[in-house]
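S.K.: Got a predicted structure here, sequence first:
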Amino acid sequence: MTLQQRMSGVLLPVSSLPGSPLCGNLGAGARRFADFLHQSGQRVWQMLPVNPIDECFSPYASISAFAGDPIYIDLADLVCNGLLDESDLSGIPAGPKTRSAFHTVKSVYPSRLHKAFSRFQKTQGTKYHRALETFIENNDWAGTHAVFCALCEKFGTDDWTLWSDEALKNADQDALHRIHNEIKEAINYYVFEQLLFDVQWNELHRYCRQRGISLIGDVPIYVSKHSVDTWANRHLFQFDADGKMLRVAGVPADSFNPDGQRWNSPLFDWDKHKETHYDWWLHRLGNAFRRFDAVRLDHFIGFYNYFSMTPAPDPNDPGFWVQGPADDFFETVLKTYHDAQLIAEDLGVMKPEVHQLRDKFHFPGINVFQFYFDFRRRSDATAEWKTNSVVCTGTHDTNTAAAWFDELLLDRKKPEPFWDFPFLFGLIKSSLPPDTPVNRQTIIWGIIRKVMSSPGNVAVFPMQDLLGLPTECRMNFPGHADGNWAWRLDASALTDELTLRLRSWTQEFGR
């Protein structure tokens, strides 16, 4: 794919896929969703990061910037390949249709995957056996990831600063060599987990490509402080000699959080990255390019300048901006990956220099309908959006389009209905086909059509917006630790009516 093509698609995380008991996975539900995209004329499937989620279920604070989350492995495929029995599936409880049961999947999956691993060791001839050698050759991070997971298991925590063995805490190679035999079985198991994910991912990716569907992935700029990335590469982060964070990432006050956000993620030592010619980042992006056809760079501003904060709130040190690697970084990336399809997540308050950096390398930025309109606006911002951009009704961090419009009415604090917004209502109504009855549902359709008709090359719509769902279905509320990431699509919502409507609009607007 190329981001210069005019096309459209849907944002839906893997975890939100229907068709499996506890949360979405890479199996039949994913293929059915790809079929829906194909039948509705869509050419893009945008996802959130597929790295292991954290204790709050966020994919943006993972123990690994490289690994896939084992909760997305399709156990039914392991039955087909003789690594599990049918009874292993029947023993899994059914979760709610519209919420992911992350706690349950994390409790029932390990026993099944360990059983599959035991059979894998005793048998030969499955597609997973045939893929093992190539997987190890192409994923040099997998061994280190497996060692880290094995040590987390040994010490009972992924906070490596709490490990009782100083040498292992410091990733000393002699110490790792000495303990290898003790944790060898666990290492092999965690490599096996990633092998399963990789084989199933590649099969899904091929399935999508055969149907003309390109995958857009998401690379968070920062990693978790409790991760294999920080443990194995401490010199690349702003840590002290004991592995404690000196400064952390965050953002100053914005429209989402008036007090700003302290993300508690370690900051990079960009000088050290430059000395290594950004080798860690090149490996990370290379891994992402193998999985996805295009990659969204989360928090793009952080490559130009980043906000540095103290690990604990300090009224005398509210934080400050520091220059990032900027041009030098992207010049290095594009020398290595000439055809890299990168999207700059440039949302929020940006210095002009951030947009200049984006434009220098011809990265499309992102335009979000919700950020451009309220009852005060008197011009059509969508008409001004750049062709080289990704346009959308909302993102995983915004409210649903339906809930956003409801909030707009509440902010207005007037009893009149939504047509009391003369310009906004007129703008949305003008995008609806003649004689369309005007009600709350068709207003949401009008918003989608307005974005669909805009100049931006790539239009992407959260699945919740296509379905007109309420605020309870939003994916994430920034700054709130609980209650996020769990929304799940009900398969019955993928109706023929929705398919035909979406295909018709896509054809109408040349996508």
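M.R.: That came through fine. Keep in mind it's a predicted model, so treat the numbers as computed, not measured. Residues are numbered from 1 along each chain as shown.

S.K.: The host helix or strand of Leu89: which residues count as buried?
M.R.: For Leu89, the host element (DSSP states H and E) is helix 86-90. Across helix 86-90, burial judged by 16 or more other Cβ atoms under 10 Å covers Asp88. No exception for glycine: its C-beta is placed from N, CA and C like everyone else's.

S.K.: same for the next helix or strand after it, what does it pack against?
M.R.: Using DSSP H and E, the helix or strand that directly follows helix 86-90 along the chain is helix 102-122. For helix 102-122, the elements it packs on are helix 75-80, helix 173-210, judged by 3 or more Cβ pairs under 8 Å, 6 or more residues apart in numbering; DSSP states H and E.

S.K.: ok, residues contacting helix 102-122?
M.R.: 15, 22-23, 53, 57, 70-71, 73, 75, 78, 82-84, 88, 91-93, 95, 126, 128-129, 188-189, 192-193, 196, 485-486 (Cβ atoms under 8 Å, 6 or more residues apart in numbering).

S.K.: now that helix, how far from the centre of its chain.
M.R.: Offset of helix 102-122 from its chain centre (Cα atoms, centre = their mean, to the nearest Å): 24 Å.

S.K.: what's the next secondary structure element after it?
M.R.: Per DSSP H and E, helix 102-122 leads on to helix 127-138 as the next helix or strand towards the C-terminus.

S.K.: Just give the nearest non-adjacent residue to Cys23, would you?
M.R.: Closest residue in space to Cys23, ignoring its immediate chain neighbours: Ser100 at 3.7 Å, by Cβ to Cβ, 6 or more residues apart in numbering.

S.K.: for the one you found, what are its contacts?
M.R.: With contact set as Cβ under 8 Å, 6+ apart, Ser100 has these partners: 15-16, 22-24, 57, 485-488.

S.K.: Those into JSON lines, with extra columns for pLDDT?
M.R.: Shown next, in JSON lines, are the contacts of Ser100 (pLDDT from 0 to 100):
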{"residue": "Ser15", "pLDDT": "98"}
{"residue": "Ser16", "pLDDT": "98"}
{"residue": "Leu22", "pLDDT": "95"}
{"residue": "Cys23", "pLDDT": "96"}
{"residue": "Gly24", "pLDDT": "97"}
{"residue": "Phe57", "pLDDT": "96"}
{"residue": "Trp485", "pLDDT": "97"}
{"residue": "Ala486", "pLDDT": "97"}
{"residue": "Trp487", "pLDDT": "98"}
{"residue": "Arg488", "pLDDT": "98"}
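
S.K.: hey, where'd the helices end up in the stretch 401-511 of the chain?
M.R.: 401-412, 422-430, 440-452, 463-466, 496-508 (DSSP state H, counting those that start in this stretch).

S.K.: Pick the most deeply packed of those helices.
M.R.: helix 463-466 (a mean of 25; mean count of other Cβ atoms under 10 Å).

S.K.: Go ahead and confirm Gln36 touches Thr499.
M.R.: Careful, residue 36 is Phe and not Gln. Yes: here Phe36 lies in contact with Thr499, judged by Cβ atoms under 8 Å, at a distance of 6.5 Å.

S.K.: give me the number of residues near Gly479?
M.R.: Gly479 has 16 neighbouring residues, counting by other Cβ atoms under 10 Å.

S.K.: Same question for Asp242.
M.R.: Asp242: 9 neighbours (other Cβ under 10 Å).

S.K.: any low-confidence regions in the stretch 401-511 of the chain?
M.R.: In the predicted model, the stretch 401-511 of the chain carries pLDDT under 70 at residues 410-422.

S.K.: same deal with the stretch 201-350 of the chain?
M.R.: 254-259.

S.K.: ok so, going back, now, which of the contacts of Ser100 sits nearest His355?
M.R.: Compare each of the contacts of Ser100 with His355 using Cβ to Cβ and the shortest gap goes to Trp485, at 29.8 Å.

S.K.: Count the residues that sit near the nearest residue to that closest one once chain neighbours are set aside.
M.R.: Leaving aside its sequence neighbours, Trp485 sits nearest to Phe57 (Cβ to Cβ, 6+ apart; 4.2 Å). Neighbourhood size, Phe57 [other Cβ under 10 Å]: 21.

S.K.: And for Ser111?
M.R.: Ser111 has 11 neighbouring residues, counting by other Cβ under 10 Å.

S.K.: again with Gly82
M.R.: Gly82 has 13 neighbouring residues, counting by other Cβ under 10 Å.

S.K.: how far away is it from Tyr109?
M.R.: Computed as Cβ to Cβ, to the nearest Å, the Gly82 to Tyr109 distance reads 19 Å.

S.K.: Likewise for Gly479?
M.R.: From Gly479 across to Tyr109, the span is 30 Å (Cβ to Cβ).

S.K.: cool, and Thr382?
M.R.: Taking Cβ to Cβ as the measure, Thr382 falls 43 Å from Tyr109.

S.K.: which ones are touching Phe330?
M.R.: Neighbours of Phe330 in contact, by Cβ under 8 Å, 6+ apart: 303, 357, 360-361.

S.K.: which is the next helix or strand following the strand or helix carrying it?
M.R.: Using DSSP H and E, Phe330 falls within helix 326-336. Counting by DSSP H and E, the element after helix 326-336 in chain order, helix or strand, is strand 342-344.

S.K.: Could I get the average pLDDT for the helix or strand just after that next one?
M.R.: Downstream of strand 342-344, the first helix or strand assigned by DSSP H and E is helix 352-360. Averaged across helix 352-360, pLDDT comes to 96.

S.K.: neighbours around the closest residue in space to Ala459 that isn't next to it in sequence, how many?
M.R.: Excluding its sequence neighbours, the residue lying closest to Ala459 (Cβ to Cβ, 6+ apart) is Ser8, at 4.2 Å. Neighbours of Ser8 under the rule other Cβ under 10 Å: 27.

S.K.: List the contacts of the residue nearest to Trp485.
M.R.: 100, 102, 484-486.

S.K.: can you put those in JSON lines and add distance to His235?
M.R.: JSON lines is the format used below for the contacts of Phe57 (distance: Cβ to Cβ, whole Å):
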{"residue": "Ser100", "distance to His235": "37"}
{"residue": "Phe102", "distance to His235": "33"}
{"residue": "Asn484", "distance to His235": "33"}
{"residue": "Trp485", "distance to His235": "32"}
{"residue": "Ala486", "distance to His235": "37"}
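
S.K.: which one of those residues has the most neighbours?
M.R.: Most neighbours among these, by other Cβ under 10 Å: Ser100, with 24 neighbours.

S.K.: Find me the pLDDT at that residue, would you?
M.R.: Looking at Ser100, its pLDDT stands at 97.

S.K.: Could you shift the numbering so residue one becomes 412, and keep it that way?
M.R.: Yep, numbering from 412; the last one is Ser511 now.

S.K.: Ramachandran angles for it?
M.R.: Note on Ser511: its backbone torsions stand at phi -80, psi 130 [degrees, to the nearest 10].

S.K.: so Pro481 makes contact with Ile464?
M.R.: No: the criterion here is Cβ under 8 Å, and Pro481 misses it with Ile464 at 10.5 Å.

S.K.: Please say which of those two ends up with more neighbours.
M.R.: Set Pro481 next to Ile464 and count neighbours by other Cβ under 10 Å: Ile464 wins out with 24 against 19.

S.K.: Distance check, that one against Ala892.
M.R.: Applying Cβ to Cβ to Ile464 and Ala892 gives a distance of 13 Å.

S.K.: what do you get for Ser635?
M.R.: From Ser635 across to Ala892, the span is 14 Å (Cβ to Cβ).

S.K.: That concludes my questions; thank you for your assistance.
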